[in-house]
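Asks: Predicted coordinates and the sequence they were generated for:
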Amino acid sequence: MSVSEYLSPLIGRLVFAWFFFVQVFRFGGDWEGTISLMRFEGVPSAPLVLAIVLLLLIMGSFSLALGFHTRHGAVLLFAITVVAAVIMHPFWRIADNATARDSDFELFAYSMAVAGGLLLLVGMGPGPLAFDNPPKKKK
């Protein structure tokens with residue numbers, strides 16, 4: 001196994017974990033602003049939903065960072081990412097403002113790219129440097 005095959009999955013997982021941890025601090029740090037945006041997009045019980053989402057983001061991020069139940073963490077983050085993109089960036093509903101539509105489309109596409117990367121992690125696994133893959137004992 002080459003060095004890149006050995007290290008790339010770990011670095012990729014850490015980058016994903018960092019990305020989602022940043023989102024937790026960003027959305028949690030601006031609690032009222034995030035709640036306002038969620039209410040604007042019609043999210044019911046926005047404070048409760050935000051609290052649950054932040055908790056799930058933290059759990060998923062730790063899962064990826066440690067390589068512990070990595071596939072489960074990636075599926076969790078995939079689902080949150082896709083649902084959030086559809087609810088929070090519905091570019092298809094913006095007809096009267098091309099700039100706003102383009103901006104929402106860009107954020108939607110960005111989220112779908114992140115979701116695609118998470119699916120790669122689901123399919124390929126966490127790599128060799130993960131709690132999911134303990135070192136094999138020599139016989």
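Replies: Arrived safely, thanks for sending.
Asks: excluding its backbone neighbours, what's nearest Gly28?
Replies: Leu54 (5.2 Å; CB to CB, 6 or more residues apart in numbering). C-beta coordinates here come from the backbone N, C-alpha and C atoms, glycine included.
Asks: And the helix or strand containing that neighbour, what's buried?
Replies: Counting by DSSP states H and E, the secondary-structure element that holds Leu54 is helix 46-66. Judged by neighbour count (16 or more other CB atoms under 10 Å), helix 46-66 contains these buried residues: Ala46, Leu50, Val53, Leu54, Leu56, Leu57, Gly60, Ser61, Ser63, Leu64, Ala65, Leu66.
Asks: where's the last one relative to Leu77, distance?
Replies: When distances are taken as CB to CB, to the nearest Å, Leu66 and Leu77 turn out to be 14 Å apart.
Asks: for this protein, what spans make up the helices?
Replies: In the chain, the segments counted as helices under DSSP state H are 3-29, 31-40, 46-66, 70-88, 98-124.
Asks: for the second one, the distance to its chain's centre please.
Replies: With CA atoms, centre = their mean, to the nearest Å as the basis, the distance from the averaged C-alpha position of helix 31-40 to the chain average is 19 Å.
Asks: Report all helices and strands that that helix contacts.
Replies: Helices and strands touching helix 31-40, as assessed by 3 or more CB pairs under 8 Å, 6 or more residues apart in numbering; DSSP states H and E, comprise helix 46-66.
Asks: Show the secondary-structure elements that the helix it packs on is packed against.
Replies: Using 3+ CB pairs under 8 Å, 6+ apart, the elements in contact with helix 46-66 are helix 3-29, helix 31-40, helix 70-88.
Asks: ok and that helix relative to helix 31-40, angle-wise?
Replies: Interaxial angle of helix 46-66 relative to helix 31-40 (axes from the mean of the first three to the mean of the last three CA atoms, to 10 degrees): 110 degrees.
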